[in-house]
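> Got a sequence here, can you model it:
(one chain, ligands or ions: 1)
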Amino acid sequence: MKRFVVAFGLTGIICLLIGVIWFIYGKITVKLNGSDMVTSTVYHEYQDLGVSVYRNDFLLNKDKYELTIDSNINKDVLGTYNETYHINYHGRIFKIGRTIKVIDDVIPEINTNVSKVVRDYCTKKDKDKIEYSVIDNYDGDITTNASMEEVDDNYVIKAVDSSNNESELKIPIELTEKPKDIFKLKDSSSIYVVKGSKYKDSGYTYTDGCGNKIDEDIKLEGNVDTSKNGTYKVSYTNSKGDKLVRTVTVYTPSVNNGGSNKNKVIYLTFDDGPGSYTSKVLNTLAKYNVKATFFVTHQFGGYVNLIKKEYEAGHSVGVHSYTHNWNIYKSVDAYLSDFNKMNEDILKYTGNYSKIFRFPGGSSNTVSRSYSKGVVKATASKMASLGYQYFDWDVDSSDAAGASRSRIYSNVVNGVKHCSKCIVLMHDIKANTVNELDNILKTLTSQGYKFGTLNINSPTVHHTIVN
Ligand SMILES: [Zn+2]
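Numbers count the residues shown, from 1 in each chain. You can find the predicted model right below:
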């Protein structure tokens, strides 16, 4: 009995002890928070998720155990790293580990100088040049590894870094607008043909806006009978209904001795402008490709800038007078002062002073007598010493005297048959002259004359100075 009691008592004590120890130390479980393999972006601080420690399946407060972490992680270098958690719970040691991958998951950055590229519709050439660079967060400048190609209506730039992160940038290509088709006559829309000569129409050009010939049947209407004087129409119509019309005038020249006129040069001169008719004069001269000389004034302020047009069209510009008032003949100084003002205008519109001039009224005028005796003679001499050359005329249209259109026509057309230097006096402020100029030029050009412009070295006509 005693042995039994002793045996039972010993077992009871051992059990009790085990119970107490269990109660104090318990069953300890350690679990990783999160996965046993995690990733972390390079250069970013690694955010450790930690562990959870359980005793008898109850979560322990962090102050109930000691935790130390062993880790070889380097956040700045790609790679696989390990960390180990050491838990010390009342001298009982537990370990658990985790793998960490430091990765690059940031795509490269593509930078360009343009947001779109404009391409010429015709040449298919780009007006903008794309420059780009690619910077990767880990690899640095990887521009040379990038590629660019044209896909549909875009340029596509592609870049990939050493961790296979891909970037793509699309730059749209914008075509310029398609230029309009051009359907036009070759040569002038108004042509003059001498009766009996051959006429072949110079036709048309029809191109798309890029200059490529458009091949289609063009309807041609009208024909020119050069055996009969008259006005004929030649027209071309395309499939869109656009119609080009040329007027061809067959005429008999008043005198046709073109052969002997071939070497004769006519110097047409226009005084007193620019004025309201000057543009028309310029158009008519252009129609016949005739160059002339304008002796200009500042009488019509709103038209003075036409000097620029005269000059740019290849005509010669000389000084006539700023005011065109007879009182410039008061004295040589008065004359010069007025002259210089006009020459400043000429400088302004042509870029040069003119070296040539024409006396108002011509060098033979007598009106100046009532202003100052001998003034023209003195002025002519002064001007010569300053290097200027003046021009009178040997063909007078008489337009200043109020001649009719037919009189002006015959004065000029007959006058040039008999002149020696053929400097023709006309005025671009006279309506009759301006309206008759086309006829005059039609005749003179058909007669084979050449036309010249006056300059400091031209043959000159000087009247006799009488004052
Ligand atoms: Zn005048």
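> Residues of the protein that sit close to the ion?
Contact residues (CB under 5 Å from the ion) of the chain with the ion: 271-272, 360. (Glycine included, C-beta is placed from N, CA and C.)
> ok, now with 8 Å
The interface of the chain toward the ion, taken as CB under 8 Å from the ion, is made up of 271-272, 295, 297, 320-321, 324, 358, 360-361, 400, 427.
> Okay, and which of those map to strands?
The strands, defined by DSSP state E, take in 271, 295, 297, 320-321, 427 from these.
> Can you name the residues that contact the residue of the stretch 301-450 of the chain found nearest the ion?
Proximity of the stretch 301-450 of the chain to the ion (CB to the ion) peaks at Pro360, 4.7 Å away. Going by CB atoms under 8 Å, 6 or more residues apart in numbering, Pro360 touches 320-321, 324, 326, 328.
> Val332 too?
If you count contacts by CB under 8 Å, 6+ apart, Val332 has them with 375, 378-379, 382.
> Produce a ChimeraX select command limited to the buried residues of those residues.
Buried members of those, defined by 16 or more other CB atoms under 10 Å, are picked up in ChimeraX with:
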select :375,378,379
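> any idea which of the contacts of Val332 is the one closest to Asn238?
The closest of the contacts of Val332 to Asn238 turns out to be Thr379 (CB to CB; 62.1 Å).
> what's the spacing between Asn238 and Ile182?
The gap separating Asn238 from Ile182 is 11 Å, by CB to CB, to the nearest Å.
> Centre-most residue in this protein?
Centroid-nearest residue in the chain: Lys127, 11.2 Å away (criterion: CA atoms, centre = their mean).
> what domains does the record give for this protein?
Per the record, the chain has its domains at 26-103, 109-175, 182-251, 258-451, by automatic domain parsing.
> Please identify the most buried of those.
Ranked by mean neighbour count, those are led by domain 258-451 with a mean of 19 (mean count of other CB atoms under 10 Å).
> So what's the gap between it and the chain middle?
Mean-position distance between domain 258-451 and its chain equals 39 Å (CA atoms, centre = their mean, to the nearest Å).
> And stretch 63-74, how far out from the chain middle?
The chain centroid and the centroid of stretch 63-74 are separated by 70 Å under CA atoms, centre = their mean.
> typo on my end, it should be stretch 162-174
On the basis of CA atoms, centre = their mean, stretch 162-174 is displaced by 32 Å from the centre of the chain it belongs to.
> you'd agree Phe183 is up against Lys243?
No: between Phe183 and Lys243 there is no contact under CB atoms under 8 Å: 9.2 Å.
> Residues in contact with both of Asn238 and Ile182, list them for me.
Shared contacts of Asn238 and Ile182, counting by CB under 8 Å, 6+ apart, come down to Tyr206.
> Who are the contact partners of the nearest residue to Phe270 once chain neighbours are set aside?
Setting aside the residues directly before and after it, Phe270 is nearest to Asp428 in space (CB to CB, 6 or more residues apart in numbering), at 3.9 Å. Shown in contact with Asp428 (CB under 8 Å, 6+ apart): 270-275, 277-278, 281, 294, 434.
> quick revisit: grab the two from the contacts of Pro360 that are most spread out in space.
The span of these, defined through CB to CB, is set by His320 and Trp326 at 13.2 Å.
> In TSV, list the ones in strands among the residues of the chain next to the ion along with distance to Val248 and pLDDT.
Shown next, in TSV, are those (distance: CB to CB, whole Å; pLDDT from 0 to 100):
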residue	distance to Val248	pLDDT
Asp271	34	98
Phe295	35	98
Thr297	38	98
His320	38	98
Ser321	43	98
His427	31	98
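> What is the most widely separated pair among the residues you listed?
The largest separation in those, counting by CB to CB, is between Ser321 and His427 at 13.1 Å.
> on that earlier part again, please enumerate the shared neighbours of Phe183 and Lys243.
Common contacts of Phe183 and Lys243, defined by CB under 8 Å, 6+ apart, comprise Tyr236.
> Check what contacts stretch 170-181 and list those residues.
By CB under 8 Å, 6+ apart, stretch 170-181 touches 112, 114-122, 126-127, 130, 150, 153-157, 206-210, 214.
> measure it end to end?
33 Å (CA to CA, to the nearest Å).
> tell me the mean pLDDT over it?
For stretch 170-181, mean pLDDT is 93.
> from the chain's centre, how far out does it sit?
16 Å.
> Then stretch 53-66?
Relative to its chain's centre, stretch 53-66 lies at 79 Å (CA atoms, centre = their mean).
> Can you list the strands that whichever strand or helix holds Ile110 pairs with?
Using DSSP states H and E, Ile110 falls within strand 109-112. Partner strands for strand 109-112, per DSSP bridges, with pairing direction: strand 132-136 (antiparallel).
> Give me the three-state assignment for Asp201.
Following DSSP: H, G, I helix; E, B strand; the rest coil, we place Asp201 in the coil state.
> hang on, it packs against Tyr232?
No: judged on CB under 8 Å, Asp201 makes no contact with Tyr232 at a distance of 9.9 Å.
> With Thr443 as the reference, measure out to Val194.
Distance, Val194 to Thr443, using CB to CB: 11 Å.
> Distance check, Gly196 against Ser368.
51 Å.
> what does Ala146 give?
84 Å.
> Now do the helices in this structure.
Ranges of helices in the chain, per DSSP state H, are 2-25, 258-261, 278-287, 306-312, 332-350, 375-385, 405-418, 431-446.
> could those helices be laid out in JSON lines, adding mean pLDDT and distance to His44?
Supplementary listing: these in JSON lines, determined by pLDDT from 0 to 100; distance: least, CB to CB, whole Å:
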{"stretch": "helix 2-25", "mean pLDDT": "72", "distance to His44": "40"}
{"stretch": "helix 258-261", "mean pLDDT": "58", "distance to His44": "95"}
{"stretch": "helix 278-287", "mean pLDDT": "94", "distance to His44": "77"}
{"stretch": "helix 306-312", "mean pLDDT": "97", "distance to His44": "71"}
{"stretch": "helix 332-350", "mean pLDDT": "98", "distance to His44": "72"}
{"stretch": "helix 375-385", "mean pLDDT": "97", "distance to His44": "91"}
{"stretch": "helix 405-418", "mean pLDDT": "90", "distance to His44": "95"}
{"stretch": "helix 431-446", "mean pLDDT": "96", "distance to His44": "87"}
